[in-house]
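K.L.:
Sequence and computational prediction follow.
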Amino acid sequence: MAASIPSSSPSPGLGTVLGRLPGRALDALLPPQCLGCGALVDAPGTLCAECWDRVVFLGPPECAACGLPFEYSLGEGALCGACSRRRPVFERARAAIVYDDASRRLILAFKHGDRTDAAPAFARWLARAGGNLVGEAECIVPVPLHWSRLFARRYNQAALLAEHLGRLSGVRMHPDTLIRRRRTPPQGRMGVVARRRNLVGAFAIRPRGRARIKGRRVLLIDDVLTTGATASACAKALLRAGAGAVDVLTLARVVRPAL
């Protein structure tokens, strides 16, 4: 038997009802689809049950520096082998999900397939994964694209994530603080050392951006953390320009065994 609605419950006003109509009409014409497989879902920007089960979300226990997930807790402040040998330039890095076959489809569609409608949902994932980082951030800065790639792609996926995270958190986002001075070759098949060399001098701070970050804790946003070369290069540029500290938050990260 369906529960009855108490008589004291306020009825929605006419303005509220009319305000919902455009969205409902659009949903009737274009039903929301799963971000992963395109199956029909209840709300825009969500995953169906099958795709949700395939995505691996990250969280503690993890390396205190780079966020590499641990199989079991090693205690507060524990570092992975790589960070024990060489601490990253940035202070902390966290990611929402593991970059694997399931998440790659989501990210490539967002990055190259014009699925910008995924940005609000992804920003919520970022907020959940980087709660402490977001809470302590004084400004948000996205990893930039070179102008030629931005012209071809028409949007910067990192800037979209940063924009929606800024709306969720209330932290000010500065999209034009960092610039990519040269178009670096794709790094997909490069190793760690080659990636670092590829990015030497690739990033700089716009003159008007220095005052925005001076002495502040900056939260750097990108789509994927692979070796950390891009995040490190951006963090170096920010720190040289006077940032107080740099944390990194990405949608996904590659997970390799701790050495």
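P.N.:
Structure's in. What do you need? Numbering: from 1, shown residues only.

K.L.:
For D247, give me its contacts.
P.N.:
90-94, 130, 133, 136-137, 217-220 (C-beta atoms under 8 Å, 6 or more residues apart in numbering). Backbone N, C-alpha and C define where each C-beta goes, glycine included.

K.L.:
mind running it again at 7 Å?
P.N.:
Contacts for D247 were tallied using C-beta atoms under 7 Å, 6 or more residues apart in numbering; they are F90, E91, R92, L133, A137, R217, L219, L220.

K.L.:
Specify the local secondary structure of it.
P.N.:
Per DSSP: H, G, I helix; E, B strand; the rest coil, the secondary structure class of D247 is strand.

K.L.:
Local confidence estimate at it?
P.N.:
With respect to pLDDT, D247 scores 98.

K.L.:
farthest-separated two in the contacts of D247?
P.N.:
Maximum pairwise distance in these, criterion C-beta to C-beta, is 12.5 Å, between F90 and A137.

K.L.:
For stretch 103-121, list every residue counted as buried.
P.N.:
Using 16 or more other C-beta atoms under 10 Å as the test for burial, stretch 103-121 gives S103, R105, L106, I107, A109, F110, K111, R115, A118, A119, P120, A121.

K.L.:
Could you work out the most separated pair of the residues you listed?
P.N.:
Once C-beta to C-beta is applied, those give R105 and P120 as the farthest pair, at 18.7 Å.

K.L.:
can you pick the most crowded of the contacts of D247?
P.N.:
Comparing those by number of neighbours (other C-beta atoms under 10 Å), L219 comes first, having 30 neighbours.

K.L.:
measure the residue nearest to A119 when sequence neighbours are not counted to P175 for me?
P.N.:
Distances taken as C-beta to C-beta, 6 or more residues apart in numbering place L160 nearest to A119, at 4.3 Å, with adjacent residues excluded. Distance of L160 to P175, computed by C-beta to C-beta, to the nearest Å: 10 Å.

K.L.:
Between these two, which is the more surrounded one?
P.N.:
When L160 and P175 are compared for neighbours, L160 comes out ahead with 22 against 16, by other C-beta under 10 Å.

K.L.:
so E91 makes contact with G244?
P.N.:
No - distance between E91 and G244: 9.8 Å, which falls outside the contact criterion (C-beta atoms under 7 Å).

K.L.:
circling back to that earlier point, what about the contacts of D247, which are in strands?
P.N.:
R92, R217, L219, L220 (DSSP state E).

K.L.:
Pipe the residues you listed into a markdown table and attach distance to I179 and pLDDT per row.
P.N.:
Formatted as a markdown table, those follow (distance: C-beta to C-beta, whole Å; pLDDT from 0 to 100):
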| residue | distance to I179 | pLDDT |
| --- | --- | --- |
| R92 | 24 | 97 |
| R217 | 21 | 98 |
| L219 | 18 | 98 |
| L220 | 14 | 98 |
